[in-house]
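# Structural data only, the sequence is not supplied:
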Ligand SMILES: CCCCCCCCC/C=C/C(=O)SCCNC(=O)CCNC(=O)[C@H](O)C(C)(C)COP(=O)(O)OP(=O)(O)OC[C@H]1O[C@@H](n2cnc3c(N)ncnc32)[C@H](O)[C@@H]1OP(=O)(O)O
Ligand SMILES: NC(=O)C1=CN([C@@H]2O[C@H](COP(=O)(O)OP(=O)(O)OC[C@H]3O[C@@H](n4cnc5c(N)ncnc54)[C@H](OP(=O)(O)O)[C@@H]3O)[C@@H](O)[C@H]2O)C=CC1
């Protein structure tokens, strides 16, 4: 059976002779990015903790005529990260493109997140992203230039029930701006992509109730639907490419307009637990019918 080519909107050989590292590249959005970059001529290294999905993705890419291999890494471990980046540069002689896609979290009301649960999610999404970015700069990009894109999330207006990841992703967006300034003179562009709800394989890591809530997001998204892995990939590939040569420090939303709506992701229960403030006797008191009814 012939493997159909990745139907990228970008031109073939766009990344010929370039080497890309995609963390979390064995599954979901990262896997789509790895496929698209390989179809555009890059040699792609996919990296994550579990070897099986990485091997599968490498096999798929190879079968489709692309060039790929893998490294096992826990991006929360600084030594692992250094070893991963050294392996890429030793094997392939360069590292032009970095996609910080590895990440994740669990849904929970904030008051039930344990201290270790909070630390784990921040460690993965913020500290891990920093460690990989720093290692790529020090091992190659600082001297030769490069392009970095981190996958964050729709954390504008907060991220209720995922407050740990919201805080960590907002921090990555801020770090993206800092590094764009620090590393511009070294020929390194640093950007981020903020997906809204994407129907990726990552969704199946959640329980059914959460997936139902995610599926209901369509009515709160101007596009009228959730997004695809390829839609997230296309934005990452654009920012990595020369088409974005004058873009750095940016976080690009890929959310069908969902982040523009002020409607809460989770409805607020009717309550009267926030007493009003009226500073003087002439103030207009909110009438009963304007207050939530029991
Ligand atoms: C709202 C509508 C929106 C609807 C809109 C939907 C938008 C969705 C947007 C986002 C989608 C995606 O990201 S999809 C991608 C999803 N993919 C992933 O999340 C994969 C990566 N995730 C992970 O690996 C895990 O979730 C993560 C916790 C981060 C790391 O796991 P580890 O095995 O390394 O960690 P563990 O040792 O198991 O756990 C470390 C601590 O975290 C706690 N912990 C772990 N899972 C927990 C859980 N489910 N609930 C409570 N606490 C948990 C543990 O109890 C530990 O704390 P102590 O017990 O105190 O020691
Ligand atoms: N799908 C969505 O709606 C959205 C997704 N995102 C983000 O997009 C990115 C990709 O997610 P998606 O494809 O949906 O889900 P996946 O769960 O499929 O992807 C997460 C990837 O990260 C890897 N990973 C997790 N922890 C580590 C670690 N400590 N070290 C190295 N690799 C790690 C996982 O591999 P392994 O477990 O083998 O290590 C996995 O390949 C994530 O950052 C996610 O949070 C953001 C907004 C929305």
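Cool, the structure landed. Remember, predicted model here, so these are calculated numbers, not experimental data. Ligands and ions are numbered 1, 2, ... in the order given.
# Which residue is the nearest non-sequential neighbour of the residue in the stretch 151-294 of the chain that ligand 2 sits nearest to?
Nearest residue of the stretch 151-294 of the chain to ligand 2, counting by Cβ to the nearest ligand atom: residue 202, 2.1 Å away. (C-beta placed from N, C-alpha, C; glycine too.) With Cβ to Cβ, 6 or more residues apart in numbering as the criterion, residue 202 has its nearest non-adjacent residue at 4.5 Å, and that residue is residue 28.
# near ligand 2, which residues of this structure?
Residues of the chain lying close to ligand 2 by Cβ under 6 Å from any ligand atom are 23-24, 26-30, 48-50, 53, 73-76, 101-104, 124, 128, 151, 153, 195, 197-198, 200-203, 205.
# In helices only, show me these.
Within the residues of the chain next to ligand 2, residues falling in helices by DSSP state H are 28, 29, 30, 53, 128.
# Compare these and tell me which is most surrounded.
Across these, neighbour numbers were computed from other Cβ atoms under 10 Å; residue 30 holds the maximum, 32 neighbours.
# distance of that one from residue 251?
When distance is defined by Cβ to Cβ, to the nearest Å, residue 30 is 18 Å away from residue 251.
# try residue 259
Distance check for residue 259 against residue 251: by Cβ to Cβ, it reads 11 Å.
# joint contacts of these two?
residue 194 (Cβ atoms under 8 Å, 6 or more residues apart in numbering).
# can you give me the strands in the stretch 151-294 of the chain?
Listed from the start of the chain, the stretch 151-294 of the chain has strands (DSSP state E, counting those that start in this stretch) covering 188-195, 251-254.
# strands paired with the shortest one, and their directions?
So that's strand 251-254. Using DSSP bridges, strand 251-254 pairs in its sheet with strand 188-195 (parallel).
# if you average pLDDT over the strand it pairs with, what comes out?
The predicted model gives strand 188-195 an average pLDDT of 99.
# Check stretch 6-17 too.
The predicted model assigns stretch 6-17 a mean pLDDT of 97.
# starting at the chain centroid, how far to that stretch?
Taking the mean of its C-alpha atoms, stretch 6-17 sits 21 Å from the chain's own mean (Cα atoms, centre = their mean, to the nearest Å).
# Make 673 the starting number, not 1.
Shifting the count to begin at 673 puts that one at stretch 678-689.
# Please enumerate the helices of the stretch 773-922 of the chain.
787-794, 800-808, 814-816, 835-855, 880-887, 901-912 (DSSP state H, counting those that start in this stretch).
# Now do the second one: everything it contacts.
In this structure, residues lying in contact with helix 800-808 by Cβ under 8 Å, 6+ apart are 693, 695, 747-748, 750, 753-754, 756-757, 767, 770, 772, 774-775, 818, 820, 822, 844, 847, 851, 862.
# Mind giving me the PyMOL select for those, buried ones only?
Taking 16 or more other Cβ atoms under 10 Å as the burial criterion, the selection of buried members of the contacts of helix 800-808 in PyMOL is written as:
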select buried, resi 693+695+747+748+753+754+756+757+767+770+772+774+775+818+820+822+844+847+851+862
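# Show only the entries of the contacts of helix 800-808 found in strands.
For the contacts of helix 800-808, the ones inside strands are 693, 695, 770, 772, 818, 820, 822, 862, with DSSP state E as the criterion.
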